[in-house]
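Colleague: Okay, here's the prediction I keep looking at, along with the sequence it came from:
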Amino acid sequence: MLITACFAAFLLVLVLAAQIKWANEFVRLYKTPTSVPVSGDLPHVGVILALRGADPFLENSLRGLMSLEYPSHEVRIIVDSPFDPAILVVEKVRNELQATNVQVEFLNVCQETSSLKNSALIQGINGCSPLCEAFAWLDSDTVPYPNWLRDLVAPLQDNNIGASCGIRWYAPPSPTMANYVRHIWNSAAVLQMVAFKIGWGGAFAIRKAVYQQVGLERKWCLALVEDTLASNEVLLDGKQIKFVPECTMPNPESATLSWCLSFVTRQLQGLRYYHSAWKTVLLYGLFSGGLLLVNAVLFTCALSSGDLLTAGIAGGSLVAFGVIAGWLMQRSERCVNSFIGERAVGGYSLPWMLILAAPITQVIHFVALTRAFALSDVTWRGIRYQIRSGLDVKRTNYAPYVSENDAVRHSL
């Protein structure tokens, strides 16, 4: 048992070495911020926002989107249906700001071979003017700041860069277990996203020429998600993906544990079907999770049998792993909050909550990995999709998104 404990401890050191490498790459992003070209060099951009439901920060997102300080752009908002509660928020903000470059339309839901979001992005991009040299899109929980589009599009001036994206950052708004589970999982996930060039669709931009060259519209028509697919296609085309630290987008929305499991599963399903990094992420997740479990079992068995040396090695390995992983996460958190300044939300993590939430996060990640590998369907905002392969997706139902209050009012 002692030899097994020593070998397991050695393997855990290798796992930590990978985490340290990825964490250093992530922190390095914030040491070399993106340079922004003069306004005369900026391309005309079509910005797409797909909406299904009125998320808690939708109004803030719309105000930011309609107040961008960018010399030449157009905005197309694709709302799921005329009954969607988001339309009231959109019209309210557009009228208040008198935004003249914003077009609003409803989604054509006839296409059943892709997600509703993919359909909306295709519809929005096809409606953009021929002046567009690049396309950008965002999620409804992304709250753009005035220079958001300028920062996001700036890297596309380099012909070697085919796409650019921001970084998703979940900040715990309150010290609940679910909020910290989501925060811990995402803090680890973004390290791999940067390391393996897995783009994030909450703030994504792509050159029009690249979009057309890799045939994204044709592939989106058959796919579940847009961002991991776009990222992989850009890389296969020989172009680079630039992560823009200025476009780190904090999200203080509250979560539940069931939401966390569904969210993580869906993220990993997107990776499984659409990005070449899936096998590496899967093997690393299973290997690291298995090692932690082995060390925990060794510690328990050794302690119960009075083998204090083995228990010390196994327990020490677990403690060392937790301390170093926690330090790496808090270092990343400090870099992010310091870099984005007044846009930072949620403050800094509470160490005791990190300790309590870390094991639960590991369990949820392990379960989500298993589900992502085994499941061939996904439910996303009330819509169910069957996935026979990455480019063989079938939407099996549709109903307009209606909030409970709106449902009562319409029935009356």
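Modeller: Here it is on my side, so go on.
Colleague: pLDDT below threshold where in the stretch 301-412 of the chain?
Modeller: Within the stretch 301-412 of the chain, the segments meeting pLDDT under 70 span 403-412.
Colleague: Helices along that one, start to end?
Modeller: Ranges of helices in the stretch 301-412 of the chain, per DSSP state H, counting those that start in this stretch, are 308-340, 351-374, 404-411.
Colleague: How about the chain?
Modeller: Assigned by DSSP state H, the helices in the chain fall at 2-29, 58-65, 86-97, 116-126, 148-153, 177-195, 208-213, 216-220, 227-236, 257-274, 278-305, 308-340, 351-374, 404-411.
Colleague: now for those helices, which one comes closest to residue 383?
Modeller: Residue 383 lies closest to helix 116-126 among those, at 6.1 Å (C-beta to C-beta). The C-beta positions use only the backbone N, C-alpha and C, and glycine is treated the same way.
Colleague: Can you tell me what sits against the closest one?
Modeller: 46, 48-52, 76-78, 80, 105, 107-109, 111, 114, 135, 137, 211, 217, 220-221, 223-226, 381, 383, 395 (C-beta atoms under 8 Å, 6 or more residues apart in numbering).
Colleague: Now do the strand ranked longest in the chain: which elements does it pack against?
Modeller: Taking DSSP state E as the criterion, the chain has its longest strand at strand 240-251. If contacts are counted by 3 or more C-beta pairs under 8 Å, 6 or more residues apart in numbering; DSSP states H and E, strand 240-251 sits against helix 148-153, strand 161-170, strand 203-207, helix 227-236, helix 308-340.
Colleague: I'd like the ones you listed as CSV, with mean neighbour count appended.
Modeller: Formatted as CSV, those follow (neighbours: other C-beta atoms under 10 Å):
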stretch, mean neighbour count
helix 148-153, 25
strand 161-170, 25
strand 203-207, 26
helix 227-236, 24
helix 308-340, 17
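Colleague: I'd like the ones you listed as CSV, with distance to residue 86 appended.
Modeller: Below are the helices and strands packed on strand 240-251 laid out as CSV (distance: least, C-beta to C-beta, whole Å):
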stretch, distance to residue 86
helix 148-153, 20
strand 161-170, 21
strand 203-207, 19
helix 227-236, 21
helix 308-340, 26
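Colleague: okay, the angle between the longest strand of the chain and helix 308-340?
Modeller: 90 degrees (axes from the mean of the first three to the mean of the last three C-alpha atoms, to 10 degrees).
Colleague: Please state the offset of strand 240-251 from the chain centre?
Modeller: From the chain centre to the centre of strand 240-251 is a distance of 11 Å (C-alpha atoms, centre = their mean, to the nearest Å).
Colleague: Would you list the strands that that strand pairs with, along with their directions?
Modeller: strand 161-170 (parallel) (DSSP bridges).
Colleague: tilt between the partner strand and strand 203-207?
Modeller: Going by the same axes, to 10 degrees, strand 161-170 makes 180 degrees with strand 203-207.
Colleague: before we move on, the earlier item: give the buried residues for the longest strand of the chain.
Modeller: 241, 242, 243, 244, 245, 246, 247, 248, 249, 250, 251 (16 or more other C-beta atoms under 10 Å).
Colleague: Would you enumerate the residues in contact with the third one?
Modeller: In this case it means residue 243. So residue 243 contacts 29, 164, 165, 166, 167, 193, 194 (C-beta under 8 Å, 6+ apart).
Colleague: gap between the nearest residue to the fifth one once chain neighbours are set aside and residue 341?
Modeller: The spatial neighbour of residue 167 that comes closest, neighbours along the chain excluded (C-beta to C-beta, 6 or more residues apart in numbering), is residue 248 at 4.4 Å. Counting by C-beta to C-beta, to the nearest Å, the gap between residue 248 and residue 341 amounts to 11 Å.
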